[in-house]
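Q: Need the 3D shape of this:
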Amino acid sequence: MTLFDSVHHHYARYRPGLPDDVVRLLASELAGAGEPRLLDLGAGTGQVALAMLPTLPPAARIDLVDRDEQMLRTALDELGPRLGTRTATVHAVPVEEFTPSLAGYRADLVTCCRAFHWMDRPAVLALADRVAAPAAPVAIMGDGSLWTHEAAWTAALKGLIQSHLGTDRRAGSTGTYREPARRYEDDLADSAFSEITEHRFPFVRAWTVGEVLGYLRSTSFARPGLFADHARFEEQARVLLERRARDEVLREEGVFTVLLARRPGAAQ
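A: Numbers count the residues shown, from 1 in each chain. Coordinates of the predicted model:
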């Protein structure tokens, strides 16, 4: 199942980045490392790497893993002019199948942002155990989506999507999304990275109508290919959003959560 066909440009432009507090937390995990290696799993168009880049030293190395080659090409286009002497390598394979080609490969920080729910989570955590340095943490991060956000305007928008596609949340071309049966904390507790610290960062985002429409095009639940008449849906969504915007802005208030997990007894 392909979830994000032909949406990489919308993904890169309209998916929100990482809050500054999250960047500072992750950067603190690499403080003092002269040549840190960041391994980002389910990297998409590189939002984590782009946010982290200003905090990384000149000799830093970044590995981006995602099954979608178009997403990764877009990530390199975004990262390239800003890398300087840092290096970025992309790996267009399912995360569960990532195998480093470099002997002795060790990541100093493993991240997974807004993507863990799509993966075979025990397999991914076993992979992280194989490739992470002894003291390296795994950061599982996310902030939900406009589908899950509870506000009057997002509820109305969700209702409009459901009127076109049915009540179940769509995922991919024919499938529907099911919530994970277990909490991420339980997955981590059963893995090598069983020492878990939760960090919660409240945020407020201001969306324009055009930004929300662009974001929807990047999602698994409202991508254009799901609709029999996407132009009609998008016009209806535009009218709906314009009526609910205040001073042309739609507010999203939420919490960005980082589960920072380590092997028991690992140095912090």
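
Q: Secondary structure element holding residue 259?
A: Using DSSP states H and E, residue 259 sits within strand 250-262.

Q: Report all helices and strands that that strand contacts.
A: On a contact count with 3 or more Cβ pairs under 8 Å, 6 or more residues apart in numbering; DSSP states H and E, strand 250-262 meets helix 20-28, strand 138-142, helix 184-189, strand 195-207. For every residue, glycine as well, the C-beta is placed using N, CA and C.

Q: Can you list the strands that that strand pairs with?
A: Neighbouring strands of strand 250-262 in its sheet, by DSSP bridges, are strand 138-142 (antiparallel), strand 195-207 (antiparallel).

Q: Please name the spatially closest residue to residue 107 (chain neighbours excluded).
A: By the measure of Cβ to Cβ, 6 or more residues apart in numbering, the closest residue to residue 107 outside its immediate chain neighbours is residue 39, 3.7 Å from it.

Q: got any ranges where the stretch 151-268 of the chain has weak pLDDT?
A: Within the stretch 151-268 of the chain, the stretches with pLDDT under 70 are 172-174, 176-177, 179, 267-268.

Q: try 90
A: The stretch 151-268 of the chain contains residues with pLDDT under 90 at 169-182, 220, 265-268.

Q: hang on, the earlier thing: just name the most buried of the helices and strands packed on strand 250-262.
A: strand 138-142 (a mean of 23; mean count of other Cβ atoms under 10 Å).

Q: Alpha carbons only: can I get that strand in PDB?
A: Extracted C-alpha coordinates of strand 138-142, given in PDB (Å, rounded to 0.1, in the frame of the first residue of the first chain):
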ATOM      1  CA  VAL A 138      15.500   6.800  20.500                       C
ATOM      2  CA  ALA A 139      13.000   9.700  20.100                       C
ATOM      3  CA  ILE A 140       9.500   8.800  19.100                       C
ATOM      4  CA  MET A 141       7.700  12.100  18.400                       C
ATOM      5  CA  GLY A 142       4.400  13.500  17.200                       C
END
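
Q: Packing partners of the following helix or strand past it?
A: Using DSSP H and E, the helix or strand that follows strand 138-142 in sequence is helix 152-165. Judged by 3+ Cβ pairs under 8 Å, 6+ apart, the packing partners of helix 152-165 are helix 230-244.

Q: still on that earlier bit, compute the inter-axis angle for the strand holding residue 259 and helix 152-165.
A: Orientation of strand 250-262 against helix 152-165 (axes from the mean of the first three to the mean of the last three Cα atoms, to 10 degrees) gives an angle of 90 degrees.

Q: before we move on, back to that, with distance to residue 127 as extra columns, can I get the strands paired with strand 250-262 in CSV?
A: Below are the strands paired with strand 250-262 laid out as CSV (distance: least, Cβ to Cβ, whole Å):
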stretch, distance to residue 127
strand 138-142, 10
strand 195-207, 18
